[in-house]
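In: Prediction below, plus the sequence it came from.
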Amino acid sequence: MVLFDSVALLVMTNMTTVKQLSNVAHSRWYWLVFILGGILLIAAALYFQFVRDELPCTLCIHVRLWVTLFIIVSFAGLLLRRLKIINTLAQLSILLIAGALIERSWQLLGTERGFLPGTCGFDLGLPAWFTIEEWLPWLFRVETTCGQTPEILFGISMAEALIVLSILLFIISFCIFSASLITIVRRNLRA
């Protein structure tokens with residue numbers, strides 16, 4: 001009997017957590033925090049570029065592109081947060097962007113530390129019709145080759161901070177997306 005009560009309590013607690021996480025995905029504040037976080041990352045990159053004269057490399061611009069997409073998807077998530085399927089798709093998009101940010105940050109860290117070959121030049125590798133570096137050169141133009149990223153604080157490099165932030169974003173978005181998906185599936189099973 002004690003085992004049954006413990007299992008029942010665990011299931012109820014987990015379902016309460018799932019419901020709370022699912023509710024977070026529909027919160028205005030959740031999406032606003034993501035938008036503000038993305039804007040702060042772009043602002044930090046521009047500060048390092050224009051104030052500290054740390055020129056961006058190809059991988060840095062790739063990170064900026066993903067962060068810009070992150071901001072756009074978060075803005076769409078904010079506007080459409082009440083539509084459950086659209087909200088879940090926005091969550092999935094954020095999860096995929098977080099995965100891409102982990103990959104780009106890992107490449108940047110590997111190039112910086114020398115455990116991955118650093119073969120990036122001045123070409124972004126984007127399709128010919130998507131010339132973002134010409135449309136917004138102050139934000140997306142490659143100005144140097146890959147190498148050492150600047151120190152942010154206390155000896156932590158930009159690449160190190162990016163990998164940690166990307167992993168945290170992935171964990172948070174995975175939990176929120178999973179909770180949203182579980183909630184939708186449970187709702188459909190009841191119907």
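Out: Done, it's in. Numbering: from 1, shown residues only.

In: Give me the pLDDT for residue 71.
Out: pLDDT, residue 71: 96.

In: next one: residue 118
Out: 63.

In: Equivalent analysis for the one 4 residues further on, please.
Out: pLDDT, residue 122: 70.

In: my guess is it is in a helix, correct?
Out: No. Counting by DSSP: H, G, I helix; E, B strand; the rest coil, residue 122 falls outside a helix, being coil.

In: That one contacts residue 58, doesn't it?
Out: Yes. The pair residue 122 / residue 58 is scored as a contact, 7.0 Å apart, by Cβ atoms under 8 Å. C-betas here are computed from N, CA, C, even on glycine.

In: Those two: which has the busier surroundings?
Out: Taking other Cβ atoms under 10 Å, residue 122 and residue 58 do not tie; residue 58 has more neighbours (23 against 13).

In: Nearest spatial neighbour of the more buried one, chain-adjacent residues omitted?
Out: Leaving aside its sequence neighbours, residue 58 sits nearest to residue 120 (Cβ to Cβ, 6 or more residues apart in numbering; 4.1 Å).

In: Please report the distance of that neighbour from residue 45.
Out: 17 Å (Cβ to Cβ, to the nearest Å).

In: Now the longest helix seen in the chain: buried residues?
Out: The residue-count maximum for a helix in the chain (DSSP state H) belongs to helix 158-190. Within helix 158-190, the residues that count as buried by 16 or more other Cβ atoms under 10 Å are 158-163, 165-166, 169-170, 172-173, 175-177, 179-180, 182-183.

In: And that helix, what does it pack against?
Out: helix 2-25, helix 28-50, helix 84-113, strand 151-153 (3 or more Cβ pairs under 8 Å, 6 or more residues apart in numbering; DSSP states H and E).

In: what's downstream of the longest one, the next helix or strand?
Out: Reading on from helix 84-113 to the C-terminus, the next helix or strand found by DSSP states H and E is helix 132-135.
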